[in-house]
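> curious how this folds, go ahead:
(2 chains, ligands or ions: 2)
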Amino acid sequence: MTATNDRPAVHIDAGWRHDGAERQPADGGAALMELRDVSVFYGDYEAVRGATLPVRQNEITAMIGPSGCGKSTILRALNRMNDLIRGARVTGTITYLGQDIYARDVDPIQVRRQIGMVFQKPNPFPKSIYENVAYGIKINNIKGNMDDMVEEALTGAALWDEVKDKLKTSGMALSGGQQQRLCIARTIAIKPAVILMDEPCSALDPIATGRIEDLMYELCKQYTIVIVTHNMQQAARVSHHTAFFTAEVDEKQVRHGRLVEFGETGRIFTNPKDPRTEGYITGRFG
Amino acid sequence: MTTTVQAAQQPLSAPSGLGRGSLATRRRLANTLVRTGIWLSVIIAVVPVALVMYYVIAKGAKMISWDFLTKPIPRQLANPGGGIGPAIAGTLLMTGLASLLAIPLGVLGAIYLNEYGKQNALARSVRLMSNVMTGVPSIVMGLFIYTAVVLTTEQSGLAGALALACLMLPVVIRSSEEMLRLVPDELRQASLALGARKWRTIVTVVLPAAVSGIASGALLGVARAAGETAPIVLVVGLTQRVNWHLSGSNTALPVQIYRNATEPFEAATDRAWGAALTLVVIVLLATLISRLIANRFAIKER
Ligand SMILES: Nc1ncnc2c1ncn2[C@@H]1O[C@H](COP(=O)(O)OP(=O)(O)OP(=O)(O)O)[C@@H](O)[C@H]1O
Ligand SMILES: [Mg+2]
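Ligands and ions are numbered 1, 2, ... in the order given. Presented below is the predicted three-dimensional model:
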């Protein structure tokens, strides 16, 4: 965790470059997931209309945009959490490793097993810290030494040192930032390929936020991360690619979320092509 | 931003003090009034309960002996001696069987309503029916079992257990559903996002989070069933001897309380108080057991 100091300020031409090496150029990396013309409906209401973007492997993809533009909606569509909402429906295609995750023969459980999610509000189970991490390992029948796997996950979430002496205490008794890292530990314990994070730092103070950001940077060496954030600096700091969404009123006076611009984070923040993106990131509206 | 600037420019006028004295008299008066009112209501609510407990213990305790708890019921209630053994056996047998029938069914029903059916037509009608059933007088339920079971077979402990189960079921369904509703959705989502199936989520996350509330609700049902008199008289009949079988006439504590209390003889009245204390203790024990079970399964919030 040495990442904090050399974190570039906003508007720097690239995302994070801690390892010194240039990451793969924009539009050149391998897309692990792809969204093609994705629309999400809640009943008759089309919350997001026609989004097309890739999610590249071992990268952090940020989704930004004003409140209500459908960022969470799109994020939930990526691991079929929308299935749990009555009347929610997805059109277009979302592929993971080339496979349509909404195909008829796809089991949403398997999708979620590969594509994990960390929620905005830390939501540890009212069980012990150990049980929280062990839960996913148990239900997915992952073989191996449970103690080792729990330690590995907690270490990976930068929480091990703080909780190693109190693994049997309730996860609810941790601080907000620790709870969120516990939720991350719980997610990486089952080793998903992709981790979706919906405003994971919105309930945290700057220090806890910094730790989670450091953590995301560490994690993206092994995992692919998609993060929704309201924090412009955070998107600029941590992400490699940024998708900017906004809400637009169509000819029938109905508001829809639209993807305005997608590109390398550095470019989006320094040289946005769309005036709406520029307006949002410079704080003129939204 | 603006607030900070303003605050810096014009600091708050020196507060007149943070003590109680700085509150407006009207607010202080209202506060005192409400507080007194709350205390009064608590006392008024507690006094009858305390009195009941006092009388039951004061009048019942002297009756309790091994003989009283085990001996058969005397034919002539006016005569001293004898016991309430058959009534204890009948209450344990029928309430126990009714609980075994109604609690699992009720909890499963509540799981269906809250986790699967939600607002669909079936769930809504089941919910409505169980609400209506909660309000059905117990004698009506007894009449139903009388027609459905007793007329085709005989008065029996089984018929009594069925009647009590019918009375418990809606209570268990309603209270369990209420408890399941209190489990935050975030927990379900967290579990599902880890790749858990729905039933797994329910068994490993939702039920443990709700179990202590479910146990309290189930106990309300048990207590209600244990205290029923009318349906037992109707569908179980009466006996003087201990009957641990589901067939044949039986009896229960509330029935014996009723019979003895309506006799004008001291021996009978004493027996009624003794039986009342026994019933209270049985319900208390059931409460303790349900607490123990709940604590065993509940997730600890330390
Ligand atoms: N469960 C739902 N049922 C119906 N409509 C919904 C539901 N969830 C979200 N919406 C609607 O979809 C639109 C997008 O919501 P979403 O939560 O995705 O926005 P968001 O970009 O995440 O906003 P925020 O930044 O405030 O979290 C909103 O208009 C919202 O009202
Ligand atoms: Mg959101």
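> mind listing what's buried in the worst-scoring helix or strand of chain A on mean pLDDT?
The helix or strand of chain A with the lowest confidence, counting by mean pLDDT, DSSP states H and E, is helix A:206-219 at a mean of 87. Buried residues in helix A:206-219, counting neighbours by 16 or more other CB atoms under 10 Å in any protein chain shown, are found at A:208-219. The way it works is simple: take the backbone N, C-alpha and C, and place the C-beta from them, glycine included.
> list the residues that contact residue 241.
Picked chain A for this. With contacts defined as CB atoms under 8 Å, 6 or more residues apart in numbering or on different chains, A:His241 is in contact with A:15, A:26, A:56, A:59-62, A:262-265.
> other chain: chain B
B:Arg241 neighbours (CB under 8 Å, 6+ apart): B:72, B:86.
> so it sits in a strand?
No. Read with DSSP: H, G, I helix; E, B strand; the rest coil, B:Arg241 is coil and lies in no strand.
> ok, now how distant is it from ligand 1?
63 Å (CB to the nearest ligand atom, to the nearest Å).
> pretty sure B:Pro72 belongs to a strand, no?
No. If the criterion is three-state DSSP, then B:Pro72 is coil and not within a strand.
> how many residues are close by it?
Counted with other CB atoms under 10 Å in any protein chain shown, residues neighbouring B:Pro72 total 14.
> identify the residues contacting it.
B:Pro72 touches B:82-83, B:85-86, B:240-242, counting by CB under 8 Å, 6+ apart.
> without its sequence neighbours, what residue ends up closest to A:Thr209?
In this structure, A:Thr209 finds its nearest non-sequential neighbour in A:Cys201, 4.2 Å apart by CB to CB, 6 or more residues apart in numbering or on different chains.
> and that neighbour, which of the three is it?
coil.
> would you list the phi and psi of it?
Phi and psi for A:Cys201, reported as degrees, to the nearest 10, are phi -110, psi 10.
> hmm, it is touching A:Ile212, no?
Yes. Under the criterion of CB atoms under 8 Å, A:Cys201 makes contact with A:Ile212 at 5.4 Å.
> related to what we said a few turns ago, tell me what the least confident helix or strand of chain A is packed against?
When contacts are defined as 3 or more CB pairs under 8 Å, 6 or more residues apart in numbering or on different chains; DSSP states H and E, helix A:206-219 sits against helix A:176-188, strand A:224-228, helix A:232-238.
> now the angle from that helix to strand A:224-228?
150 degrees (axes from the mean of the first three to the mean of the last three CA atoms, to 10 degrees).
> put the alpha carbons of helix A:206-219 into CSV.
Presented in CSV, the C-alpha positions along helix A:206-219 are these (Å, rounded to 0.1, in the frame of the first residue of the first chain):
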residue,chain,number,x,y,z
PRO,A,206,-11.3,10.4,3.1
ILE,A,207,-8.9,8.1,4.9
ALA,A,208,-11.1,5.0,4.6
THR,A,209,-11.8,6.1,1.0
GLY,A,210,-8.0,6.3,0.3
ARG,A,211,-7.5,2.8,1.7
ILE,A,212,-10.3,1.4,-0.5
GLU,A,213,-8.8,3.2,-3.5
ASP,A,214,-5.4,1.8,-2.8
LEU,A,215,-7.1,-1.6,-2.5
MET,A,216,-8.8,-1.3,-5.8
TYR,A,217,-5.5,-0.5,-7.4
GLU,A,218,-4.0,-3.6,-5.9
LEU,A,219,-7.1,-5.7,-6.8
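> and that helix, how far from the chain's centre?
With CA atoms, centre = their mean, to the nearest Å as the basis, helix A:206-219 stands 13 Å off its chain's centre.
> now that helix against helix A:176-188, angle please.
20 degrees.
> could the helices and strands packed on helix A:206-219 go into a markdown table alongside distance to B:Glu154, mean neighbour count and mean pLDDT?
Converted to a markdown table, the helices and strands packed on helix A:206-219 look like this (distance: least, CB to CB, whole Å; neighbours: other CB atoms under 10 Å in any protein chain shown; pLDDT from 0 to 100):
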| stretch | distance to B:Glu154 | mean neighbour count | mean pLDDT |
| --- | --- | --- | --- |
| helix A:176-188 | 58 | 25 | 92 |
| strand A:224-228 | 68 | 25 | 95 |
| helix A:232-238 | 76 | 23 | 90 |
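> show me where the chain has strands.
All of this is about chain A. A:31-42, A:45-56, A:60-64, A:88-96, A:99-100, A:115-118, A:194-198, A:224-228, A:241-249, A:255-264 (DSSP state E).
> let me rephrase: I mean chain B.
Going by DSSP E, chain B shows no strands.
> spatially central residue for it, please.
Computing the C-alpha centroid of chain B and ranking residues by CA atoms, centre = their mean puts B:Leu220 first, at 0.8 Å.
> which residues does that one contact?
B:171, B:175.
> with the one 3 residues further on instead?
Taking CB under 8 Å, 6+ apart, we find B:Ala223 in contact with B:283, B:286-287.
> which one of those residues is nearest ligand 1?
Nearest to ligand 1 among these is B:Thr287, at 40.7 Å by CB to the nearest ligand atom.
> closest to ligand 1 out of the contacts of A:His241?
Nearest member of the contacts of A:His241 to ligand 1, counting by CB to the nearest ligand atom, is A:Ala62, at 12.8 Å.
> so where's chain A uncertain?
For chain A, residues meeting the criterion pLDDT under 70 lie at A:1-29, A:284-286.
> hmm, 50 instead?
A:1-28, A:285-286 (pLDDT under 50).
> equivalent analysis for the stretch 1-150 of chain B, please.
Those would be B:1-8, if you go by pLDDT under 50 across the stretch 1-150 of chain B.
> if we use 70, what do you get?
In the stretch 1-150 of chain B, residues with pLDDT under 70: B:1-23.
> how about the helices of it, start to end?
Along the stretch 1-150 of chain B, the stretches classed as helices by DSSP state H, counting those that start in this stretch are B:2-9, B:25-60, B:66-70, B:85-111, B:121-135, B:138-145.
> mutual contacts of A:Cys201 and A:Ile212, please.
The contact lists of A:Cys201 and A:Ile212 share A:Gln180, where a contact means CB under 8 Å, 6+ apart.
> mind checking the end-to-end distance for stretch A:194-211?
End-to-end distance for stretch A:194-211: 20 Å, by CA to CA, to the nearest Å.
> how far out from the middle of the chain is that stretch?
10 Å.
> my guess is B:Tyr146 contacts B:Val233, does it?
No. Taking contacts as CB under 8 Å, B:Tyr146 lies outside contact range of B:Val233: 10.5 Å.
> stretch A:102-109 vs chain B: in contact?
Yes. If you take CB under 8 Å from any CB of the partner chain as the test, stretch A:102-109 does meet chain B, through A:Ile109.
> pull out the buried residues from that stretch.
Buried, per 16+ other CB under 10 Å, within stretch A:102-109: A:102, A:108-109.
> repeat for stretch A:135-145
A:135-139.
> what about that stretch and chain B, touching?
Yes. Residues of stretch A:135-145 contacting chain B under CB under 8 Å from any CB: A:135-136, A:139-140.
> pick the one among the residues you listed closest to A:Thr95.
The nearest member of these to A:Thr95, counting by CB to CB, is A:Asn140 at 22.7 Å.
> residues in contact with the closest one?
With CB under 8 Å, 6+ apart, A:Asn140 has these contacts: A:113, A:190, B:194-195.
> out of those, the closest to ligand 1 would be?
Nearest to ligand 1 among the contacts of A:Asn140, with distances taken as CB to the nearest ligand atom, is B:Leu194, at 21.0 Å.
> residue of chain B closest to ligand 1, please.
Taking CB to the nearest ligand atom, chain B has B:Asp185 as its residue nearest ligand 1, at 11.1 Å.
> who's in contact with stretch B:132-143?
B:163, B:166-167, B:169-171, B:174, B:228, B:230-235.
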